[in-house]
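Colleague: the following block contains a protein sequence and its predicted model.
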Amino acid sequence: MNRFSLFLVSMLTLTAGQRAAGDDAPGAAYFSWQVKNFAIEQPLGGLKGVAKRGMAVASDGHLGNCLACHQLPLSRDEVFGDLGPPLTGIASRQSVGAIRLHVVDQSYFNPETVMPGFHRRPEKLHRVAKAYRGRPFLSAQQIEDVVAWLATLK
Ligand code: HEC
């Protein structure tokens, strides 16, 4: 292997490593999205969600922390907040696209909402901690995982 290809290989490994680390960290990349009729029809980044992982994200106090404000159908003995409506049966009341917009940016429905926008447009984020500036709270994959789980709650 000559020096140049060695350099190439190390650059590739470096980028791959960064991408893998960035995926789940709060510093995940922002993926753009389009709203039509109060819904985001296209999965963020074209990613496919995994419901089981979404359940973990929703109940993790450092990630979605949805249960701080919503009652969720979790089997464990959790303590739930009630600032928001229960999410049990959400998929029989709302389309998947609408659920996705609720999770991505609830301020579309209610500009005064207390619910954090988990994948808001970076220009709409104000007063966030430095580490989160220009970064969504949940990665596109985590959003799709949460949406996939909520879509099972009928
Ligand atoms: C700080 C409190 C808070 C947190 C944390 C929160 N929400 Fe909410 N959420 C609300 C409130 C309050 C509403 C009701 C509408 C409004 O006031 O904006 C709401 C509304 C919703 C709705 C629409 C419900 C309906 O019946 O129309 C969905 C879906 C939802 N939230 C999902 C989530 C998910 C998923 C998470 C975690 C990733 C989450 N929320 C975290 C407060 C919160």
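Modeller: Good, I have the coordinates.
Colleague: quick one: secondary structure of the closest residue to residue 94 other than its chain neighbours?
Modeller: Nearest residue to residue 94 in three dimensions, chain neighbours excluded: residue 102, at 7.5 Å (CB to CB, 6 or more residues apart in numbering). Placement of C-beta: from N, CA and C, glycine included. Judged by DSSP: H, G, I helix; E, B strand; the rest coil, the three-state class of residue 102 is helix.
Colleague: list the contacts for residue 102?
Modeller: 94, 109, 115 (CB atoms under 8 Å, 6 or more residues apart in numbering).
Colleague: briefly note if stretch 47-65 comes near the ligand.
Modeller: Yes - with CB under 6 Å from any ligand atom as the criterion, the ligand is reached by stretch 47-65 at 58, 64, 65.
Colleague: just the buried ones from those residues?
Modeller: 58, 64, 65 (16 or more other CB atoms under 10 Å).
Colleague: so the first one touches residue 68, yeah?
Modeller: This means residue 58. No - using CB atoms under 8 Å, residue 58 is not in contact with residue 68; the gap is 10.5 Å.
Colleague: list the residues that contact residue 118.
Modeller: 64, 103, 104, 105, 136, 137, 138, 142, 143, 146.
Colleague: from these, pick the one nearest residue 51.
Modeller: residue 146 (9.1 Å; CB to CB).
Colleague: could you tell me how many residues sit around that closest one?
Modeller: Here the number of neighbours of residue 146 (other CB atoms under 10 Å) works out to 27.
Colleague: go ahead and confirm it touches residue 56.
Modeller: No - assessed by CB under 8 Å, residue 146 is found out of contact with residue 56, at 9.5 Å.
Colleague: ok, the spatially most central residue of the chain to the ligand distance?
Modeller: In the chain, the residue lying closest to the centroid (CA atoms, centre = their mean) is residue 143, at 2.7 Å. Residue 143 sits 8 Å away from the ligand, going by CB to the nearest ligand atom, to the nearest Å.
Colleague: which residues are in contact with that residue?
Modeller: Residue 143 neighbours (CB under 8 Å, 6+ apart): 44, 49, 100, 103, 104, 118, 119, 136.
Colleague: per-residue pLDDT, the last one?
Modeller: In this prediction, residue 136 carries a pLDDT score of 87.
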